[in-house]
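1. Below are the sequence and a predicted model; questions follow.
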Amino acid sequence: MLTLASKLKRDDGLKGSRTSATASDSTRRVSVRDRLLVKEVAELEANLPCTCKVHFPDPNKLHCFQLTVSPEFFVLFCVFLIDEGYYQGGKFQFETEVPDAYNMVPPKVRCLTRIWHPNITETGEICLSLLREHSIDGTGWAPTRTLKDVVWGLNSLFTDLLNFDDPLNIEAAEHHLRDKEDFRNKVEDYIKRYAR
C-alpha cells in the first residue's frame, strides 16, 4: 500500500533527477504541510493520551483525521478538580482538517458528537485558545505548536481545561452555575443519547 511517507520519499528521489523545478507556491505549501504531518503524526502516535484514539480514514491524507476522546475516571482522578467526572463514560468524536498553510495557521477542528459542555457548542464549535489564529492572551496558535498539542488540548477540555468562566456555550455555563446537579444530569443524558 502506498502511504504518504513512501510517496514523499519517492518524490524526493524524483526531485534530485530533475534539472529544473517548476512547482507552484501552493504545491510547495502542501508539500511542506505533508512533510510536517509525516513527522508530527509519528510523534502524536507515540505520545497519545490513553483516553484518545486517532483514525485516518485515508492513510495517504494525513491532513484529515478523526479523534475519539473517551474520558475515564482513573485518568480524571489524577486531576485535582471537583468537576472532573462529568464526561466519563462518553466517547466524543472530533474531526480535524489541517489546512494547506499549516503550520502558520492552526488545524480546523469540529466536535461531531452532540455534547453539553461550556466550551463546545451543540453544533460542534470549539473554544480552545490554541486553535485560535490570533489570541489576545498569547496562548493561541503559533508555528511551534504541533498536532500533539491540539490532541492534548482537546483531551484536556474534559478535565483541567473545562472552563465555565469563559464559555462558548453560555447556556451550558449558566446552567452549571444555577444547578450543578441538573447540569450533571443533562451531561449524562447527552452521553447516553449521543456519546456511546
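-> Noted; the coordinates are in hand.
2. Strands of this structure, start to end?
-> Under the criterion DSSP state E, the chain carries strands at the ranges 52-55, 64-69, 92-97, 108-111.
3. list the buried ones in the second one?
-> Going by neighbour count (16 or more other CB atoms under 10 Å), the buried part of strand 64-69 is 65, 67, 69. Heads up, the C-betas are built off the backbone N, CA and C, glycines and all.
4. do the same with the first one
-> Applying a neighbour-count criterion of 16+ other CB under 10 Å, the buried positions in strand 52-55 are 52, 54.
5. now swap in the last one and tell me
-> By neighbour count on 16+ other CB under 10 Å, the buried set for strand 108-111 is 109, 111.
6. Contacts for it next, please.
-> Contact with strand 108-111 is made by 92-99, 120, 124-126, 128, 131, 150, 154, as judged by CB atoms under 8 Å, 6 or more residues apart in numbering.
7. cool, and the first one?
-> Defining contact as CB under 8 Å, 6+ apart, one finds that strand 52-55 is touched by 44, 45, 48, 65, 66, 67, 68, 69, 70, 151, 154, 155.
8. how close does the fifth one sit to residue 52?
-> For residue 66, the distance to residue 52 under the criterion CB to CB, to the nearest Å works out to 11 Å.
9. where exactly do the helices run in the protein?
-> When secondary structure is read from DSSP state H, the chain shows helices at 4-17, 25-46, 73-77, 147-156, 170-178, 180-194.
10. comparing those helices, which gets the lowest mean pLDDT score?
-> Across the helices of the chain, the stretch with the lowest average pLDDT is helix 73-77; it has a mean of 45.
11. quick one: which of the buried residues of strand 64-69 is nearest residue 160?
-> Taking CB to CB as the measure, residue 69 is the one of the buried residues of strand 64-69 closest to residue 160, at 13.7 Å.
12. mind putting the strands of the chain in JSON lines, distance to residue 183 and mean pLDDT included?
-> What follows is those, written out as JSON lines (distance: least, CB to CB, whole Å; pLDDT from 0 to 100):
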{"stretch": "strand 52-55", "distance to residue 183": "25", "mean pLDDT": "96"}
{"stretch": "strand 64-69", "distance to residue 183": "19", "mean pLDDT": "97"}
{"stretch": "strand 92-97", "distance to residue 183": "17", "mean pLDDT": "98"}
{"stretch": "strand 108-111", "distance to residue 183": "18", "mean pLDDT": "98"}
